[in-house]
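Peer 1: From the sequence below, what's the structure:
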Amino acid sequence: MDPLTQGALGAALPLATRRRAGAVAAGALGFVAGMMADLDVLIRSDVDTLLYLQYHRQFTHSLIFIPVGALITAAVLYLPFRRWMGISFLTAWLFCALGYGTHGLLDAATSYGTVLFWPFSDTRVAWSLISIIDPLFTLPILALAVTGMIRRNGRWAVAALAWAAIYLSLGAWQHQGARAMGADLAASRGHAPLRMEVKPSFGNLLVWKVIYATPDRYYVDAVRVGYAPRVYPGDSVARLDLARDFPWLDPASAQARDIERFRHFSDGFIARDPDRADRVIDLRYSLSPNQIAALWSIRLDPDGGPEAHARFETHRGDARRRLAEVWRMLWEKESD
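Peer 2: The predicted structure follows:
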């Protein structure tokens, strides 16, 4: 999720263990530690732009790396601030471990995918319970954690953790409802999906994106779950077929390997961009949940040599219009 949410939840957990002594230090260390795992974004290459995707939410987010990440954070912060904190290095490390430990688990609750069990597995865990940005989740946690630090009382942080648990539980409930609506929609079209994925749209738990695969196509739709349930039919696109879509591609080339890396990152939900024949898109993410318009892709170059890499690109397009469409789906009445 976004850094502010990670910091706020990271602060709440160690703060919840304190009443007065060390409360501010617990919250401050937890806040910084809660964001530290995302320093993996610094792993980049101008030549191989997929290196960022390969290592983001990878080893720094794994459960086994928590003690190491906490040790690095404590080592950086303890020496310059030890007098202000008034705690031992071991206590500082424990606070950092609690804050750091929230990061990977919270990221796994999104649909982006997090390699929680590195180095034993490279599977990207994605429970798809919450959007990567959701103010209704973040702001109460942040407000309660800050209040707890100001009042030096961990009970406020306990309330923040309770809110996080309630909201994620609601996300799990909505997730099941979205899957049921997606299954009904596929059945109404005479489809027996090979696989289906549902994820909340930007900043809410009401409107969900539904993606399912048939033998030859992916279908992308949106559903509103709970409040006035409704289906918003969307688009479909042919499944990626390298021999058909990129007949010029050498299977032994770096670009062919990059497609497989992108497929792994995207959990297999990739297709050739219907608007740009040289791009492969990740179908999971779009600002408008019933549209194909992907937020990122890789661009292939038929003139590239055998060691030339595909280029990772991001796309925002008309973000304001597409977010307005999500807003309309949220509040549209049944009779509209």
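
Peer 1: G86 and A25 touch, don't they?
Peer 2: Yes. Using CB atoms under 8 Å, G86 is in contact with A25, at 7.0 Å. Any C-beta I mention is one placed from the backbone N, CA and C, and that applies to glycine too.

Peer 1: Grab the most central residue of this structure for me.
Peer 2: By CA atoms, centre = their mean, the chain has its centre lying nearest to Y112, at 3.4 Å.

Peer 1: Please determine how far it is located from L106.
Peer 2: From Y112 across to L106, the span is 11 Å (CB to CB, to the nearest Å).

Peer 1: For the closest residue in space to the residue nearest to the centre of the chain that isn't next to it in sequence, give me phi and psi.
Peer 2: Spatial nearest neighbour of Y112, chain neighbours left out: I132 (6.0 Å); criterion: CB to CB, 6 or more residues apart in numbering. According to degrees, to the nearest 10, the main-chain angles of I132 amount to phi -70, psi -20.

Peer 1: State the pLDDT value of I132.
Peer 2: In this model, I132 is scored at 92, pLDDT.

Peer 1: Look up how far Q176 lies from it.
Peer 2: 20 Å.

Peer 1: The two: which has the busier surroundings?
Peer 2: I132 (17 against 12; other CB atoms under 10 Å).

Peer 1: that older thread, tell me the contacts of the residue nearest to Y112?
Peer 2: M1, D2, T110, S111, Y112 (CB atoms under 8 Å, 6 or more residues apart in numbering).

Peer 1: tally of neighbours for R230?
Peer 2: 17.

Peer 1: Verify the contact between it and V223 for me.
Peer 2: Yes. Counting by CB under 8 Å, R230 sits close enough to V223 to count as a contact (7.1 Å).

Peer 1: Only C-alpha atoms, please: export stretch 241-254 in PDB.
Peer 2: Taking C-alpha atoms only, stretch 241-254 is exported to PDB below (Å, rounded to 0.1, in the frame of the first residue of the first chain):
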ATOM      1  CA  ASP A 241      -0.600 -16.000 -28.000                       C
ATOM      2  CA  LEU A 242       3.000 -15.300 -28.800                       C
ATOM      3  CA  ALA A 243       3.100 -17.100 -32.100                       C
ATOM      4  CA  ARG A 244       0.000 -15.200 -33.300                       C
ATOM      5  CA  ASP A 245       0.600 -11.800 -31.600                       C
ATOM      6  CA  PHE A 246       4.400 -11.500 -32.000                       C
ATOM      7  CA  PRO A 247       5.400 -13.900 -34.800                       C
ATOM      8  CA  TRP A 248       8.800 -12.100 -35.100                       C
ATOM      9  CA  LEU A 249       9.800 -12.800 -31.500                       C
ATOM     10  CA  ASP A 250      12.800 -15.100 -30.900                       C
ATOM     11  CA  PRO A 251      11.800 -17.400 -28.100                       C
ATOM     12  CA  ALA A 252      15.400 -17.300 -26.900                       C
ATOM     13  CA  SER A 253      15.600 -13.500 -26.800                       C
ATOM     14  CA  ALA A 254      15.700 -11.200 -23.700                       C
END
